[in-house]
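K.L.:
predicted coordinates and the sequence they were generated for:
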Amino acid sequence: MKKLLKLVFALAGILGFMSAANYLTFHKAGGAPAQTKNRRLFYDWRHGKISYTAAGRGRPILLLHSLFPGSSSAEWRRAAALLSKNHRVYSFDFLGCGFSDKPDISYSAYLYASLANDFIRDVIGQPAVVAGSAHSAPLAAAACQLRPELCEKLILVSPLESEGPVGSPSAFGTMLGRLIALPVAGTFLYSLAVSRRALGAFLNNNLAVKTNVRDDLLADFYQAAHEGGPDSRFSYGAFLSGFCGADCRQRLSKIQKPVLIINKKAGLFPHIDRPEEFCRTAGKFIDN
């Protein structure tokens, strides 16, 4: 009996520590400045509000961000500014990311591909060039396969894909995703994954940009991961589980659209590391 009581008290202490740490982490992070939010537009999608930006005039381009912890449309900011000089450029935060709503629902590759297509239909209003980065490159291909009439061309930047079909998680991945969704322990684990140290290490390992640019990106990633509290953990859990994975090669074999693939030899984020070079390459492909 005494051992059981000790175990209960120990677990209570651990949960109490996690709860306090969670509160301090997300209370300290706070929200984005009002002027940042005011610059964004919102699309009322069926599963929640989708935050997006739009700039420029010309042929429409939709930029899809990666699904790494803390990812958002801010990933495309430098390239979007250049592309918008000659094109109409849209970039949104996926549901569960950035400034978009973060409901506790089942996130999947199909959900995200449907979001891209609905956004093109309802917001852009005409077929668009769709560019996807890392995990969203296969999602862009999936969206094009689902609704080819909405996609004019595809740009796939450093595609990262699953080994199996869309939404085929492993047993371990499913367990990990469910753990992240837990209110106390899951929030604590998520906060570790999106701490400044963890995000900084990820960016240092995958970017070649100057320190000041990397610091700005770290601030963007950290803000996106903490905006509105810990609810980004739901989409992060789905990402870890494998539900948001897609097979890019399988889909490309069934797509009859012009495709530009910038492989991982150019780095994971060539649109961040070398935006001018990336936009020259992408611009020629888009306009030809």
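P.N.:
Here it is on my side, so go on.
K.L.:
can you show me the CA trace of the helix or strand harbouring residue 143 as PDB?
P.N.:
Per DSSP states H and E, residue 143 falls inside helix 136-146. Extracted C-alpha coordinates of helix 136-146, given in PDB (Å, rounded to 0.1, in the frame of the first residue of the first chain):
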ATOM      1  CA  SER A 136       4.200  19.800 -48.600                       C
ATOM      2  CA  ALA A 137       5.700  18.900 -52.000                       C
ATOM      3  CA  PRO A 138       4.000  15.500 -52.000                       C
ATOM      4  CA  LEU A 139       0.900  17.200 -50.700                       C
ATOM      5  CA  ALA A 140       1.000  19.600 -53.700                       C
ATOM      6  CA  ALA A 141       1.200  16.600 -56.000                       C
ATOM      7  CA  ALA A 142      -1.700  14.900 -54.200                       C
ATOM      8  CA  ALA A 143      -3.800  18.100 -54.500                       C
ATOM      9  CA  CYS A 144      -3.000  18.200 -58.200                       C
ATOM     10  CA  GLN A 145      -3.900  14.500 -58.700                       C
ATOM     11  CA  LEU A 146      -7.200  15.100 -56.800                       C
END
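K.L.:
average model confidence for it?
P.N.:
Helix 136-146 shows a mean pLDDT of 95.
K.L.:
moving C-terminal from that helix, which element do we reach first?
P.N.:
Per DSSP H and E, the first helix or strand lying C-terminal to helix 136-146 is strand 151-157.
K.L.:
give me the contacts around that next one.
P.N.:
Residues from elsewhere that reach strand 151-157, judged by C-beta atoms under 8 Å, 6 or more residues apart in numbering: 59, 120, 127-134, 137-138, 140-141, 143-144, 248, 255, 257-262, 269-271, 278, 282, 285-286. Using the backbone N, CA and C atoms, a C-beta is placed for each residue, glycine as well.
K.L.:
which among these count as buried?
P.N.:
59, 120, 127-134, 137-138, 140-141, 143-144, 248, 257, 260, 262, 269-271, 278, 282, 285-286 (16 or more other C-beta atoms under 10 Å).
K.L.:
for residue 235, see how far away residue 113 is.
P.N.:
15 Å (C-beta to C-beta, to the nearest Å).
K.L.:
can you tell me the element residue 129 falls in?
P.N.:
Using DSSP H and E, residue 129 falls in strand 128-133.
K.L.:
using CSV, write out every CA atom in that strand.
P.N.:
Written as CSV, here are the backbone C-alpha positions of strand 128-133 (Å, rounded to 0.1, in the frame of the first residue of the first chain):
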residue,chain,number,x,y,z
ALA,A,128,-2.7,28.3,-60.0
VAL,A,129,0.9,27.3,-60.0
VAL,A,130,1.4,25.3,-56.8
ALA,A,131,4.8,25.1,-55.0
GLY,A,132,5.4,22.8,-52.1
SER,A,133,8.4,22.6,-49.7
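K.L.:
output the lowest mean pLDDT helix or strand found in this protein.
P.N.:
helix 34-38 (a mean of 46; mean pLDDT, DSSP states H and E).
K.L.:
quick revisit: now the helix holding residue 143 against strand 151-157, angle please.
P.N.:
Angle of helix 136-146 versus strand 151-157, following axes from the mean of the first three to the mean of the last three C-alpha atoms, to 10 degrees, is 160 degrees.
K.L.:
helices or strands up against helix 136-146?
P.N.:
For helix 136-146, the packing partners by 3 or more C-beta pairs under 8 Å, 6 or more residues apart in numbering; DSSP states H and E come out as strand 60-64, helix 109-119, strand 128-133, strand 151-157, helix 248-252.
K.L.:
ok, residues contacting the last one?
P.N.:
Spelled out, it's helix 248-252. Applying C-beta under 8 Å, 6+ apart, the external contacts of helix 248-252 come out as 137-138, 141-142, 144-145, 156, 159, 161, 165, 259.
K.L.:
swap the cut-off to 7 Å and go again
P.N.:
137-138, 141-142, 145, 156, 159, 161, 259 (C-beta atoms under 7 Å, 6 or more residues apart in numbering).
K.L.:
repeat for the longest one
P.N.:
Taking C-beta under 7 Å, 6+ apart as the criterion, the residues outside helix 109-119 that touch it are 43, 45, 50, 62, 64, 92, 94-95, 130, 139-140, 142-143, 146-147, 150, 166-167, 244-246.
K.L.:
again, but for the first one
P.N.:
With contact meaning C-beta under 7 Å, 6+ apart, strand 60-64 is reached by 73, 76, 80, 83, 87-91, 116, 119-120, 124, 126, 128-133, 136, 139-140, 286.
K.L.:
all set, thanks.
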